[in-house]
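# 3D, please:
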Amino acid sequence: MMAIDINTWRLRAQLLLRRLGVPACLAAALLLLGVAACAWAWQQRAVAARLEARPLPQPAPAVAALAPPATAGENLARFYAVLGQQRHAEQQVKQLFDLAAKHGLVLAQGEYKSGYDKASRVATYQVTLPLKGSYAAVWQFALQALRAMPFASLDELSFRREQIADTQLEARLRLTFYLTDAQAETPADGGGAP
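Model prediction:
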C-alpha cells in the first residue's frame, strides 16, 4: 500500500512538472525557501527579544572577597598540616606495594633515600620503584598513589618497551614524600622565622 502511494505521488509530481514547466517549478521552490527563511528569521528575532527582556543574572559575590587573604603564618601552618608523618614512611612504602599489587603490576625491590632540610624542617623520603605492567596500569597506580599520599610528589615516570607490540613494559617511578616529625616544633608554632 505504501509503495503504491509513493509511486502515485511520484507520478503526479512528474505530470505537474511537465504541465507547469521547469521554470515555474523552480520559482515555486524558491518561493517556499524564501517563506521558510523569513519564518526562521522571525523566530530568531522573537528568541532574541525574549533574551533581552530577561534581566541579567547578578554574579555571586566571590568567596575570596568575603574572606580576608591568608597570612604567611596561616599558609605555613597549612603547609605543615599537609605533610606526612616521618615515623610512618615504611607504612607508606607498604601502601605503594599494595597499590601496585591491586593494579596487577610487578614491583621489584626499589631504592630508598632519605634527606632533611634544616631550613624548612622537612624530611624527604625518595622512593624509586621499577615496575612491570601495562601502560594504563602504571598510570593508574601513579595517580592513585598521589591521591592516597597528598604529601608526595611525582618526580619521574619513565617507560621502556622492548618491542612495539609488547603490552607489558618496564617503568621507573620516583616519588618523594615530604614528611615532618610530629614531636618537632614547626616554624608555625613559633620555633622559627614567620
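
# where does this protein dip in pLDDT?
For the chain, the stretches with pLDDT under 70 are 1-4, 56-67, 182-194.

# Three-state assignment for the most centrally placed residue in it, please.
In the chain, the residue lying closest to the centroid (Cα atoms, centre = their mean) is Leu143, at 11.7 Å. Three-state call for Leu143 (DSSP: H, G, I helix; E, B strand; the rest coil): helix.

# can you offset everything so residue one is 24?
All set: I'll call the first residue 24, so the last point we hit is now Leu166.

# how near is it to Met172?
Taking Cβ to Cβ, to the nearest Å as the measure, Leu166 falls 12 Å from Met172. All C-beta atoms are positioned from the backbone trio N, CA, C, and that covers glycine.

# Next: Thr147.
13 Å.

# Need the overlap of contacts for those two.
Jointly contacting Thr147 and Met172 under the rule Cβ atoms under 8 Å, 6 or more residues apart in numbering are Phe200.

# in this structure, which helix has the most residues?
Taking DSSP state H as the criterion, the chain has its longest helix at helix 45-76.

# what about the helices in the chain?
Going by DSSP H, the chain shows helices at 25-43, 45-76, 86-89, 95-105, 112-125, 158-171.

# out of those, nearest to Leu202?
Nearest to Leu202 among those is helix 112-125 (6.3 Å), distances taken as Cβ to Cβ.

# relative to helix 158-171, how tilted is that closest one?
150 degrees (axes from the mean of the first three to the mean of the last three Cα atoms, to 10 degrees).

# Contacts for helix 112-125 next, please.
Against helix 112-125 from outside (Cβ under 8 Å, 6+ apart): 107, 129-130, 133, 135, 137, 148, 150, 152, 154, 164, 167-168, 171-172, 175, 198, 200, 202.

# Which positions in that helix come out as buried?
Ala112, Gln115, Val116, Leu119, Leu122, Ala123 (16 or more other Cβ atoms under 10 Å).
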